[in-house]
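1. Turn this into a structure:
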Amino acid sequence: MKFDLEKLNQLTHNNLTGHLGVRVTGASEGELQAEIDIAQHHLAPNGYLHAGTVVTLADTACGFGCIANLPEGGQNFTTIELKSNHLGTAREGTIAVAAKMVHGGRTTQVWDATVTNKATGKAIALFRCTQMILYPKG
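-> Sure thing, here's the model as predicted:
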């Protein structure tokens, strides 16, 4: 799979990431970028961007980054910890995320991500997660 954007974007079909409209826009060694165009279903009842939308975008970018950067023999991953700090919000436009691997071990990866308002560049959230690398049984 590595950095094939088409294959990474195919992972969004028929699941939450596809419903939310997540698009992978870039991938390279230890990094991944994605975005969402804000629609009504991304908002909370108060009319502002739902925190779950932001966390899903960040977690997806880190997860797809992990898939594209699995160590040799690694088959998949699962998120074992995540944290987010929300600094701002949006009601329209596009939110973008840049995820970067800060630790790439054989059993875990740690990723940091910054979600921004694409038009202004203003940070909306800071995110960190730990991924456990899964290997085939045997």
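
2. Am I right that Ile67 sits in a helix?
-> Yes. Under DSSP: H, G, I helix; E, B strand; the rest coil, Ile67 sits within a helix.

3. so where's the chain uncertain?
-> 1-2 (pLDDT under 70).

4. what are the ranges of the strands in it?
-> For the chain, the strands defined by DSSP state E occupy 23-28, 31-37, 76-86, 94-104, 108-117, 123-134.

5. Of all these, which one comes closest to Thr56?
-> strand 31-37 (8.5 Å; C-beta to C-beta). Any C-beta I mention is one placed from the backbone N, CA and C, and that applies to glycine too.

6. which other residues reach that closest one?
-> Contacts of strand 31-37 with the rest of the structure, by C-beta atoms under 8 Å, 6 or more residues apart in numbering, involve 8, 20-27, 42, 53, 57, 60-62, 64-65, 68, 93-101, 118.

7. Next, the buried residues of it.
-> Glu31, Leu32, Gln33, Ala34, Glu35, Ile36 (16 or more other C-beta atoms under 10 Å).

8. Kindly report the same for stretch 89-108.
-> Going by neighbour count (16+ other C-beta under 10 Å), the buried part of stretch 89-108 is Thr89, Ala90, Ile95, Ala96, Val97, Ala98, Ala99, Lys100, Met101, Gly104.

9. May I have the distance across it, first residue to last?
-> End-to-end distance of stretch 89-108: 31 Å, with C-alpha to C-alpha, to the nearest Å as the criterion.
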